[in-house]
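Participant: Provide a 3D model corresponding to the input given below.
(one chain, ligands or ions: 1)
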Amino acid sequence: MQGRNNRGDKPHFGKVPGEIIKDYSYPSCLILGMTILHVVVGIGERKLWLITAYEPNPGQWEDGFKKRAVIMDKCFFCKGNMVEDTTNYMADLDGHFIIIRNVPCHKCTQCGEVSYSGEVVVRIEKIIEKLKGVLTEVAIVEYAA
Ligand SMILES: [Zn+2]
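Facilitator: Next comes the predicted model:
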């Protein structure tokens, strides 16, 4: 969501992790966020400073986005390089075929071996759990949906 870019010298907010629902006259705003957010703040000069805020990449965090995932940079099987990528996750659930598209992963550039962070595995399990009630023969869903 882009912040309003007013004419004149008032700064604008650029990309914010949510929707700006109130633009105050002093350069400040109220953001409605519906996402997992990491916020870095500091205290100085009797003020609380917002240093940065960002949406953590689920491929890089574990333990409820509290711990940086240990990313293997070498493939377990062929020692090729593991790079950030997305893949389509496929599972066979008692004859019901589930495809989750665009799942963040690390993929070996040599043999194509794929690994998922703990955060991604948890989300995949949640998606599958949700689908269990409404399973058709084949279900195709977006990871980010
Ligand atoms: Zn490999």
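Participant: For the rest of this, base every contact and every neighbour count on C-alpha atoms.
Facilitator: OK.
Participant: Three-state assignment for residue 70, please.
Facilitator: With DSSP: H, G, I helix; E, B strand; the rest coil as the basis, residue 70 sits in coil.
Participant: next one: residue 129
Facilitator: Classification of residue 129 using three-state DSSP returns helix.
Participant: Same question for residue 126.
Facilitator: What three-state DSSP gives for residue 126 is helix.
Participant: how much space between it and residue 132?
Facilitator: Distance, residue 126 to residue 132, by C-alpha to C-alpha, to the nearest Å: 10 Å.
Participant: And for residue 121?
Facilitator: Distance of residue 121 to residue 132, given as C-alpha to C-alpha: 17 Å.
Participant: ok, now which ones touch residue 142?
Facilitator: 100, 101, 102, 103 (C-alpha atoms under 8 Å, 6 or more residues apart in numbering).
Participant: mind checking pLDDT for it?
Facilitator: Here, the pLDDT recorded for residue 142 equals 90.
Participant: just the contacts of residue 142 now: which is nearest residue 40?
Facilitator: Distances from residue 40 to these, taken as C-alpha to C-alpha, are shortest for residue 103 (27.0 Å).
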